[in-house]
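>>> Here is a sequence together with a model predicted from it:
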Amino acid sequence: MKLVNLSYIICTYNRLPFLQLLLPRLIDALQDTEEIIVIDGDSTDGSKDYL
């Protein structure tokens, strides 16, 4: 298990189009020692299902 050196923390609420653009690009650029944490504020636009 590798140590996480960097965390990308994204807070979102009803921003599905933004997440659909951002997350694939961020995941492609992610290094082994980095992580993505997404905090959803109980979205109603399908963001939770997408995540």
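Received the coordinates, thanks.
>>> Leaving out sequence neighbours, find the closest residue to Val4.
Glu35 (5.1 Å; CB to CB, 6 or more residues apart in numbering). Yep, even glycine has a C-beta here, placed from its N, CA and C like the rest.
>>> Might one say that the one you found is in contact with Lys2?
No: counting by CB atoms under 8 Å, Glu35 stays clear of Lys2, with 10.2 Å between them.
>>> When these two are compared, which one has more neighbours?
Glu35 (13 against 8; other CB atoms under 10 Å).
>>> Doesn't that one belong to a helix?
No: counting by DSSP: H, G, I helix; E, B strand; the rest coil, Glu35 falls outside a helix, being strand.
>>> how near is it to Asn14?
24 Å (CB to CB, to the nearest Å).
>>> Same question for Tyr50.
Counting by CB to CB, the gap from Tyr50 to Asn14 is 12 Å.
>>> now Asn5
31 Å.
>>> out of the two, which sits in the busier spot?
Asn14 (14 against 10).
>>> which SS class is that one?
coil.
>>> Also Phe18?
Phe18 - assigned by three-state DSSP - is helix.
>>> Verify the contact between it and Thr12 for me.
Yes: counting by CB under 8 Å, Phe18 touches Thr12, with 7.3 Å between them.
>>> what about the two, which has more around it?
Thr12 (18 against 12).
>>> where along this structure do the strands fall?
6-12, 34-40 (DSSP state E).
>>> With mean pLDDT and distance to Arg25 as extra columns, can I get these in TSV?
Listed next are the strands of the chain as TSV, based on pLDDT from 0 to 100; distance: least, CB to CB, whole Å:
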stretch	mean pLDDT	distance to Arg25
strand 6-12	96	11
strand 34-40	96	11
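>>> what residues does stretch 34-50 touch?
If you take CB atoms under 8 Å, 6 or more residues apart in numbering as the criterion, stretch 34-50 is touched by 4-16, 19-20, 23, 26-27, 30, 51.
>>> show me the contacts for Leu26.
Here Leu26 is in contact with 8, 36 (CB under 8 Å, 6+ apart).
>>> how close does it sit to Phe18?
Taking CB to CB, one finds Leu26 at 12 Å from Phe18.
>>> any idea how far Lys48 is from the spatially most central residue of the chain?
Geometric centre of the chain, nearest residue: Val38, 4.4 Å, by CA atoms, centre = their mean. Using CB to CB, Val38 is found at 10 Å from Lys48.
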